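>>> missing the sequence, but the structure's below:
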């Protein structure tokens, strides 16, 4: 059974002989009733405050959970980004190495081609020099032959001329 301040102040005791002073009992009951009312009001106020504090705690706990989840998600995202960056860097490095190797291969092939062209040009130059040398030597032989022919012709003319004083008949 719940007692209210009205129950306390309105309670009547049976009268007996040689009982308590009714006025003193009534005064005490009024005093107890007032204090009990203050206690109930304070208790209700504290219950409201407790409910408000519990609601705030629940709100703070929810915010804390959200912050923890957000922090975990951010850490995972940061790690994922770092890992993706590492993968991209490794891939870029491999691509650069591959491209460098391709460029070196191309340069080596080009150098080899150029060396081949140079070698062919040297062979052609040597052949050309040989042809010129051969032509010059041939011309020199022709000049020598021509000179010898002239000498022979000069001798023959000298031999064909009659000596002075000789008649030809």
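On my side now, so go ahead. Model, not experiment: these values are computed from the prediction.

>>> all helices of this protein, in order?
5-10, 22-160 (DSSP state H).

>>> Give me the number of neighbouring residues for residue 109.
10 (other Cβ atoms under 10 Å). (C-beta placed from N, C-alpha, C; glycine too.)

>>> Not counting the helix or strand of the chain with the lowest mean pLDDT itself, show me its contacts.
None of the helices or strands of the chain scores lower by mean pLDDT, DSSP states H and E than helix 5-10, at a mean of 78. The contact list for helix 5-10, computed with Cβ atoms under 8 Å, 6 or more residues apart in numbering, reads 29-30, 32-34, 36-37, 40.

>>> Please render those as JSON lines that adds neighbour count to the earlier fields.
Below are the contacts of helix 5-10 laid out as JSON lines (neighbours: other Cβ atoms under 10 Å):
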{"residue": "29", "neighbour count": "18"}
{"residue": "30", "neighbour count": "13"}
{"residue": "32", "neighbour count": "13"}
{"residue": "33", "neighbour count": "19"}
{"residue": "34", "neighbour count": "13"}
{"residue": "36", "neighbour count": "16"}
{"residue": "37", "neighbour count": "15"}
{"residue": "40", "neighbour count": "13"}
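
>>> before we move on, back to that, which among the helices of the chain is found nearest to residue 16?
When these are compared by Cβ to Cβ, helix 22-160 sits nearest residue 16, at 10.9 Å.

>>> so what secondary structure elements neighbour that closest one?
Secondary-structure packing of helix 22-160 (3 or more Cβ pairs under 8 Å, 6 or more residues apart in numbering; DSSP states H and E): helix 5-10.

>>> buried stuff in the helix it packs on?
Buried residues in helix 5-10, counted by 16 or more other Cβ atoms under 10 Å: 5, 8-9.

>>> Of these, which is the nearest to residue 72?
residue 5 (54.1 Å).

>>> How much space separates residue 64 from residue 72?
From residue 64 across to residue 72, the span is 12 Å (Cβ to Cβ, to the nearest Å).

>>> now do residue 144
Taking Cβ to Cβ, one finds residue 144 at 105 Å from residue 72.

>>> Same check on residue 105?
For residue 105, the distance to residue 72 - Cβ to Cβ - is 49 Å.

>>> try residue 154
120 Å.

>>> Residue 136 now?
Using Cβ to Cβ, residue 136 is found at 93 Å from residue 72.

>>> Out of the contacts of helix 5-10, flag the one nearest to residue 121.
Closest to residue 121, out of all of the contacts of helix 5-10 and judged by Cβ to Cβ, is residue 40, at 117.7 Å.

>>> Cool, thanks, signing off.
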